[in-house]
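> Just a sequence and a predicted model for now, questions to come.
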Amino acid sequence: MSFITVQGILYDEKSSFMRGAADAPPYIRRVLNNGAANFSTELGVDLRNLPMDDKGDFTPKDYFGIKKITLDNLEVNKPLLTLGGDHSITYPVLLALAERYSAIDILHIDAHADLYDEYEGDKYSHACPFARIMEENLAKKLIQVGIRTLTTHQRAQVARFNVDCRELKDYTLNNLSHFENPLYISLDMDGIDPAFAPGVAHHEPGGLTSRQVFDLIQQIDSPIIGADIVEYNPKRDVSDITGALAAKLMREIWGKMVMNSK
């Protein structure tokens, strides 16, 4: 019996600066299974006894093909963990989840708010997914953590959509354990400082430490119905440092998905 479902989305066509995130899912799996680390989480969950149903990696025929892939992989009462891919994949994944869940809250960890109405003429750019998500009421609440790149336009979007945007300069990571609705976690690897995660396209100094992100995930006490780990770019990594971090984040989210479903 499997306890969570995993899918890889090999897609980075909406990247605005540098391609390479489409290569991430197999790299994360390779590091996850390379024998350097065990399968126990920091909270004591032995993942060897809580297997995942890994559906494998998918290359969508087009952008909205991601929704169909996700619908095909969703299973009743089983959380879905998606490995990306650039951050544009979050919107079609949420389109699929919204067909199964009437209300969803989102915890978004990122350097960027990704709330542009459009970016470089593309409304589905990786800089825009949360504008589309909030426009279409796919989430009841959006909380953003680690943000340190807000433009004037994005500040207006934060106000427009009533986003709880925690700019990292204000260092407000408290009161993030309980959510009113089932939770989706969207984790952009560049939310973490490039000192800990150099393998990303957009290096944005002054970010979260890896420890802060682990603590943030571990304190969540609400059901987690889905999550994604996006924007890891193996082409920019150094000695698999970011890959190892992505694999450990995958383990910790996997463990919390199982813990919080009980």
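Looks like it came in fine.

> So which residues make contact with stretch 48-64?
Contact with stretch 48-64 is made by 1-11, 13-14, 22, 25-26, 29, 39, 66, 68-69, 73, 75, 78, 81, 83, 88, 92, 95, 124, 254-255, 258, as judged by C-beta atoms under 8 Å, 6 or more residues apart in numbering. (C-beta placed from N, C-alpha, C; glycine too.)

> ok, now with 7 Å
If you take C-beta atoms under 7 Å, 6 or more residues apart in numbering as the criterion, stretch 48-64 is touched by 2-11, 25-26, 39, 66, 69, 73, 92, 124, 254, 258.

> Residues touching the helix or strand that residue 146 is a member of, excluding its own?
Residue 146 is part of strand 141-147 when elements are defined by DSSP states H and E. The contact list for strand 141-147, computed with C-beta under 7 Å, 6+ apart, reads 105-111, 113, 130, 134, 161, 163-168, 173, 176, 191, 207-208, 216.

> same thing with stretch 244-257?
Counting by C-beta under 7 Å, 6+ apart, 4, 28, 31-32, 37, 39, 41-43, 45, 47, 52, 79, 81, 185, 187, 189, 196-197, 210, 213-214, 217-218, 220, 224, 227, 229, 232 sit against stretch 244-257.

> repeat that for 6 Å
4, 28, 31-32, 41, 45, 47, 79, 197, 210, 214, 217, 224, 227, 229, 232 (C-beta atoms under 6 Å, 6 or more residues apart in numbering).

> ok, which stretches of the stretch 151-262 of the chain are helices?
Applying DSSP state H, counting those that start in this stretch to the stretch 151-262 of the chain gives helices spanning 152-160, 210-218, 241-259.

> Among these, show me which one is buried the most.
Ranked by mean neighbour count under mean count of other C-beta atoms under 10 Å, the helices of the stretch 151-262 of the chain are led by helix 241-259, which reaches a mean of 22.

> returning to that earlier point: nearest to residue 119, of the helices of the stretch 151-262 of the chain?
Closest approach to residue 119 among these is made by helix 152-160 (10.0 Å; C-beta to C-beta).

> Which other helices and strands does the closest one contact?
If you count contacts as 3 or more C-beta pairs under 6 Å, 6 or more residues apart in numbering; DSSP states H and E, helix 152-160 packs onto no helix or strand.

> what inclination does that helix have with respect to strand 141-147?
150 degrees (axes from the mean of the first three to the mean of the last three C-alpha atoms, to 10 degrees).

> gap between helix 152-160 and the chain center?
When distances are taken as C-alpha atoms, centre = their mean, to the nearest Å, helix 152-160 is centred 22 Å away from the chain's centroid.
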